[in-house]
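1. Sharing a sequence plus its predicted fold:
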Amino acid sequence: MSNSAPNSGKVWLVGAGPGDPDLLTLRAARLIMQARLIVHDGLVDPAILAMAHPAAKLVSVAKRRSRHTMPQDEINALLVREALAGRDVIRLKGGDPFIFGRGGEEAEACRAAGVPVEVVPGISAAMGAAAAAQLPLTHRSSASAVTFVTGQCKGLADQDWTGLAGKGRTLVIYMGLATAEAIADKLIADGLSPEMPVAVIENATRPDMRVLRAPVAGLATLVEVNRVKSPALIVIGAVAGSPQTAELRALALEVLK
Ligand SMILES: C[S@@+](CC[C@H](N)C(=O)[O-])C[C@H]1O[C@@H](n2cnc3c(N)ncnc32)[C@H](O)[C@@H]1O
């Protein structure tokens, strides 16, 4: 039995990937080209928005100048209102809608209002950045676990950081630029080697991508000196070391065998 509101349109929560339009799924590309109403985040690349149908209405829920986004309940209400008016809505989000994208809340709001909702996955920033920087998040010889965590202030306080980084583990921090120093301090206080490699990947998969490396003890300085800006990811773990160093280490191990 369907609980859908009569004559309701549908909401698609669509992942736009980390930036490069070539990293859209075929389903996302098709939906973007066919849509008449697209509600999008600030992180969605302009080249992806340019794929929209000429008759499509594009609604940004990011106030770019102030860098503040529309409050989440207003976004939820907008999606529900448009769908209940009979319109299909493409809710286009950076990366994957269900990885730090608040897609869960939007899907809940739609379901509660009887609006049918479908989710189209996207390549999350961690996967896009890892591929673009050639940095494997897991590696048979050095990383058998990977954790995605938010560095936002609320996440910083609520999160138990114990054991998240260290031997055999990769830690990927989203939205962690402002709290980088506090995170590095917490991890080192918890026993992480200050020498553990860190890579900071800014604008992953975009033409202006930068990959910066340091030991974790130097993370805050790395971010500050290079004036790293959002969007950026912080990857902590052996896999974040320079590929050259990793190759030399593997070679040395071979020789020592
Ligand atoms: C609100 S979260 C959205 C994450 C998104 N849903 C995903 O799956 O990638 C935004 C954060 O994702 C990361 N991010 C998104 N796109 C990125 C990119 N192209 N390069 C580096 N980090 C990115 C940054 O940490 C940014 O602050």
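-> That came through fine.
2. quick one: buried residues of the helix or strand hosting I173?
-> Using DSSP states H and E, I173 falls within strand 168-174. For strand 168-174, a neighbour-count test (16 or more other C-beta atoms under 10 Å) marks 169-174 as buried. C-beta here means a position set from N, CA and C on the backbone, and glycine is covered the same way.
3. Show residues contacting the helix or strand hosting I183.
-> In the assignment (DSSP H and E), I183 maps to helix 180-189. With C-beta atoms under 8 Å, 6 or more residues apart in numbering as the test, helix 180-189 has contacts from 151, 156, 161, 164-165, 171, 173, 176, 194, 198, 216-217, 219-220, 223, 234, 236.
4. circling back to that earlier point, could you dump the buried residues of strand 168-174 to TSV with pLDDT and distance to E74?
-> Compiled in TSV, these are given as follows (pLDDT from 0 to 100; distance: C-beta to C-beta, whole Å):
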residue	pLDDT	distance to E74
R169	97	38
T170	98	36
L171	98	33
V172	98	30
I173	97	28
Y174	97	23
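5. show me the residues around the nearest residue to A132 once chain neighbours are set aside that make contact.
-> Excluding the flanking residues, the one nearest A132 by C-beta to C-beta, 6 or more residues apart in numbering is T205, at 4.8 Å. Contact analysis of T205 by C-beta under 8 Å, 6+ apart lists 17-20, 23, 128-129, 131-132.
6. And the pLDDT for T205?
-> Listed pLDDT for T205 reads 97.
7. repeat for L256
-> Per the predicted model, pLDDT is 60 at L256.
8. sorry, back to before: can you tell me which of the contacts of T205 are up against the ligand?
-> 18-19, 129 (C-beta under 6 Å from any ligand atom).
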